[in-house]
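Asker: missing the sequence, but the structure's below:
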């Protein structure tokens, strides 16, 4: 069954607009009476039936809502220090497929990229990438891409567990750190830039409860580390 996100749901009626409405009417050539599945972006799915097709919108009658089983029981937020040359878009796409709850772009001392005044336009692009990746992976919610933040403003205390991928950590593995907290509801993952995190940055976060962990014997690129870390988290927390 065709599946779409819709944020305009009132009682038992949903109105699909924009590109999705055009896709339904002009590309798929669906008709009134056809069935589809709608997600509200917050984890609920509806069986729906098209009742009106207009040039700009598609109106649907909704059936019973059901909670999707596509979402992880643990909300994983990725704090990703800005990488070079367009890698952030790939990170957003792949981590959305892997079930990330939210993504925060971070500026740290060793970031090569210096964000300009137009960075908000990039955020808008990243949010569209997250939406398309959520559709492709049949998720029931779209991860939020949050505004750019400085690493000094990151607060580990907002999460049940805040993990830092740190190449200087030699004893505590990611697996061991995850198994120290039973069924965490929220986990944060911090990935440094190409040059890594400064020791002072790690120390400041550790003083506030963050936990540096090793990702293994091999050093991963910044665009790979978040995906690998997230996949391991989901392996540990999902039933």
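Answerer: Perfect, I can see it now. The structure presented is a predicted model; accordingly, all values stated were derived computationally and were not measured.
Asker: Any idea how many residues pack against the residue nearest to residue 57 when sequence neighbours are not counted?
Answerer: Distances taken as C-beta to C-beta, 6 or more residues apart in numbering place residue 17 nearest to residue 57, at 4.7 Å, with adjacent residues excluded. C-beta coordinates here come from the backbone N, C-alpha and C atoms, glycine included. As a burial measure, residue 17 scores 15 neighbours (other C-beta atoms under 10 Å).
Asker: All the helices of this structure, residue numbers only.
Answerer: In the chain, the segments counted as helices under DSSP state H are 18-22, 87-97, 119-136, 174-178, 199-207, 222-237.
Asker: so which of these gets nearest residue 9?
Answerer: Closest to residue 9 of the helices of the chain, according to C-beta to C-beta: helix 18-22, at 13.6 Å.
Asker: Which neighbouring elements make contact with the closest one?
Answerer: Secondary-structure packing of helix 18-22 (3 or more C-beta pairs under 8 Å, 6 or more residues apart in numbering; DSSP states H and E): strand 57-67.
Asker: I'd like the average pLDDT over the strand it packs on.
Answerer: Rounded to a whole number, the mean pLDDT of strand 57-67 is 92.
Asker: Pull out the buried residues from that strand.
Answerer: 57, 58, 59, 60, 62 (16 or more other C-beta atoms under 10 Å).
Asker: Looking at these, which is nearest residue 132?
Answerer: Using C-beta to C-beta, residue 58 is the member of the buried residues of strand 57-67 that sits closest to residue 132, with 18.8 Å.
Asker: beta partners of that closest one?
Answerer: For residue 58, the beta-bridge partners under DSSP bridges are residue 16, residue 53.
Asker: could you list every residue that touches it?
Answerer: Neighbouring residues of residue 58 by C-beta atoms under 8 Å, 6 or more residues apart in numbering: 15, 16, 17, 20, 21, 24, 25, 30, 50, 52.
Asker: how near is residue 16 to residue 61?
Answerer: 12 Å (C-beta to C-beta, to the nearest Å).
Asker: same check, this time on residue 76
Answerer: Applying C-beta to C-beta to residue 76 and residue 61 gives a distance of 35 Å.
Asker: List of residues touching stretch 219-234?
Answerer: Contact with stretch 219-234 is made by 72, 74, 76, 78, 80-81, 83, 87, 90-91, 94-95, 98-100, 163, 165, 167, 174-175, 178, 187, 189, 191-194, 215, as judged by C-beta under 8 Å, 6+ apart.
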